[in-house]
Each structure stands twice: as C-alpha cells, then as structure tokens.
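K.L.:
quick one, fold the following:
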Amino acid sequence: MSIQSPLPIVQEHSDLSISFELSFPDGTLIEKSDADEPFRFQIGDGTFVPNLESLLIGLELGTSAKFTLSPDRAFGQHDPQNLHTMARSDFPEDMPLEEGHVIGFNTPTGDEIPARVHQLDGEEVVMDFNHPLAGQTVIFRVKIEAIHDSLQ
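P.N.:
Numbers count the residues shown, from 1 in each chain. A predicted model of the protein is given here:
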C-alpha cells in the first residue's frame, strides 16, 4: 500500500524555487540565496550544481533539509591533472597575473570555464581548472519554496 503525498514533490525536471545556503563545516558562508528572493531554476537545466540538484528530487513542497556533503558528493576531489602549465605569452600583456586570480577560458563549444592562477614561475603560468570547492566538505541547507510545474 503506497501513500500519496498531498503535497507536490520535486521531480527530475521540476521548475522550482528554493532558499539555500552553502557553507563550510566551520560555519563560513560560501553562497546563499537572497532572503526575499528564492532562487528559481529547472532541475537539469545546468543553472544549479547537478550534485546538489539530485538531493532535491523527491522532497515535498515546504521541506527544509540540511546535507553534509563530502568532496565526492559535492564538487569532487582536487585532481592534479586539472593543473595546466601555460606560457605567460599566451595571455594578453596587459592582463594582471597574480596567484588566486580567476580567468575565464572559452571552450571550442563556446562555453566559458574558469581557472585560477595556481602558480607563477618566470615565463610559465600554472592554471588550476578544478572547481574552487574541489576537495572541500560543504554543508547544503535548502528549503523547497515553490514547485511551479506541479499539477499533482
């Protein structure tokens, strides 16, 4: 015997609004939605982090949840193969290159991916293409504020 919830449930392609907060275990805030304006997106449209989206599927309207996510469940482990050495001459002369500086690179498909200047060594620049939160445990707090496509 299955019990049907009277509340709408987040589905694989739901259009929804959430309030969320992403932080480190020590409480340091990484990002959060505006208090008066929930974040609206459609599951699977690439707007929100896929690993975090998958945690929302099956939650009912109004549900608040807290997830502690290891690097493998959040933004992945730091991969040394995502460090790439480039010649300083590959960058515009007037571009300031400093460790920690984030630069956007265009892919052949026209997308832009960010990379952080990891190290400067003479005429070489080591770029880190890992997600900035790779290797980090994070806390994801979320509330399902609205499910806009629910005709359940």
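K.L.:
let me see the domain layout of this protein.
P.N.:
When the chain is parsed with automatic domain parsing, its domains come out as 15-76+133-147, 80-128.
K.L.:
helices of the protein, start to end?
P.N.:
Listed in chain order, the helices of the chain (DSSP state H) span 50-56.
K.L.:
lowest confidence element among the helices and strands of it?
P.N.:
One helix or strand of the chain scores below all others by mean pLDDT, DSSP states H and E: strand 102-106, with a mean of 89.
K.L.:
give the other helices and strands that that strand contacts.
P.N.:
Using 3 or more C-beta pairs under 8 Å, 6 or more residues apart in numbering; DSSP states H and E, the elements in contact with strand 102-106 are strand 112-121. In short, each C-beta sits where N, CA and C put it, glycine included.
K.L.:
show me the shaky parts of this structure.
P.N.:
1-5, 150-152 (pLDDT under 70).
K.L.:
can you give me the strands for it?
P.N.:
15-23, 29-32, 39-42, 64-69, 83-87, 102-106, 112-121, 124-128, 138-147 (DSSP state E).
K.L.:
now do the least confident helix or strand of the chain against strand 124-128: the angle between them, please.
P.N.:
Orientation check (axes from the mean of the first three to the mean of the last three C-alpha atoms, to 10 degrees): strand 102-106 against strand 124-128 gives 80 degrees.
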